[in-house]
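Peer 1: Here's my sequence, what's the structure:
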Amino acid sequence: MHRFLVSLLFLLMATSWAQNFSLGVKLGSTPLFQAADAVVDLGYSTSFAELPDFSFGATLSATSNPLGQGFGLKLKPWVNYFATLYREAPLAVTTYVYLEATLGLLPGFNFNPFLEPGLGLTYTLAPDLKLYASVYGDLYVLPSVSFYLNSFVEATYTLDNLSLKLGTDQYYLPSFSWDVYARAIYSFVSYANLTAEVGYGSGWYGYLKLNYFF
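Peer 2: Numbers count the residues shown, from 1 in each chain. Sure, this is the predicted structure:
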């Protein structure tokens with residue numbers, strides 16, 4: 001899955017009807033220190049005991065980019081299937097199928113659904129150090145059929161309330177490209193965290209994001 005979408009799939013409570021809300025405020029710069037944008041996300045997710053491998057949700061996303069398209073508003077309903085194929089310490093193999101229908105509301109209406117199947121591997125080197133790798137594809141059907149093949153590899157070190165991540169993305173289709181990134185996530189209370197990331201691909205970029213869960 002897009003590693004930015006991973007954070008939207010919450011760990012749902014093991015009840016007959018679990019639900020979560022989130023609020024995210026993100027300030028980004030691409031290229032770094034040259035262009036700024038702001039994103040506010042309001043997210044909702046739920047799961048049901050009758051469908052333990054599925055989760056459902058939606059995200060309302062408002063964006064502002066003074067140097068780009070100005071103000072934008074999108075609604076993104078989604079459904080995700082997740083299953084563990086193999087788990088024997090220190091290795092776990094998982095799979096997922098993610099379906100999202102992006103509705104562009106402002107500045108103009110558009111509809112852009114996509115399907116993303118993926119395969120992930122997690123290797124635990126130590127209780128506080130893990131390696132994660134994923135291969136996934138993105139299939140779009142509008143405005144025309146297109147397919148993208150991607151992967152990423154990420155190492156995560158956790159120390160108390162701080163998680164440090166170092167990773168790289170690879171994009172194979174329709175053409176090859178890559179990027180590298182470093183990210184820090186600090187959970188200063190049980191229901192909120194602050195994320196900072198800096199990376200390099202076609203150029204340098206960075207962002208700060210505050211996430212609040214309720």
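
Peer 1: Would you map the helices across this structure?
Peer 2: In the chain, the helices defined using DSSP state H lie at 3-6.

Peer 1: Can you pull out the low-pLDDT segments for it?
Peer 2: Along the chain, the parts satisfying pLDDT under 70 run over 1-18, 33-35, 66-69.

Peer 1: Surely residue 133 and residue 120 touch.
Peer 2: Yes: applying C-beta atoms under 8 Å as the test, residue 133 and residue 120 come out as touching, 7.0 Å apart. Quick note: C-beta positions are derived from backbone N, CA and C, even for glycine.

Peer 1: Looking at the chain, which strand is longest?
Peer 2: The longest strand of the chain (DSSP state E) is strand 70-88.

Peer 1: who's more crowded, residue 133 and residue 120?
Peer 2: Each of residue 133 and residue 120 has its neighbours counted (other C-beta atoms under 10 Å); residue 120 has more, 20 against 14.

Peer 1: need the contact list for the more buried one.
Peer 2: Contact analysis of residue 120 by C-beta atoms under 8 Å, 6 or more residues apart in numbering lists 93-96, 132-134.

Peer 1: Now list the buried members of the residues you listed.
Peer 2: 94, 96, 132, 134 (16 or more other C-beta atoms under 10 Å).

Peer 1: Ignoring the adjacent residues along the chain, who's closest to the last one?
Peer 2: In this case it means residue 134. Spatially, and ignoring its direct neighbours in sequence, residue 134 is nearest to residue 120 (4.3 Å; C-beta to C-beta, 6 or more residues apart in numbering).

Peer 1: cool, the second one as well?
Peer 2: Across the structure, with C-beta to C-beta, 6+ apart as the measure, the residue nearest residue 96 apart from its sequence neighbours is residue 82 (4.6 Å).

Peer 1: what number of residues lie near the one you found?
Peer 2: 17.

Peer 1: go on, residue 166?
Peer 2: Other residues close to residue 166 by other C-beta under 10 Å number 13.

Peer 1: can I assume it is in contact with residue 154?
Peer 2: Yes: with contact defined as C-beta under 8 Å, residue 166 reaches residue 154; the gap is 7.1 Å.

Peer 1: Quick check: neighbours shared by these two?
Peer 2: Joint contacts of residue 166 and residue 154 (C-beta under 8 Å, 6+ apart) do not exist.

Peer 1: any idea how far residue 108 is from residue 146?
Peer 2: Separation of residue 108 from residue 146 (C-beta to C-beta, to the nearest Å) stands at 21 Å.

Peer 1: go on, residue 157?
Peer 2: Using C-beta to C-beta, we find residue 157 at a distance of 36 Å from residue 146.
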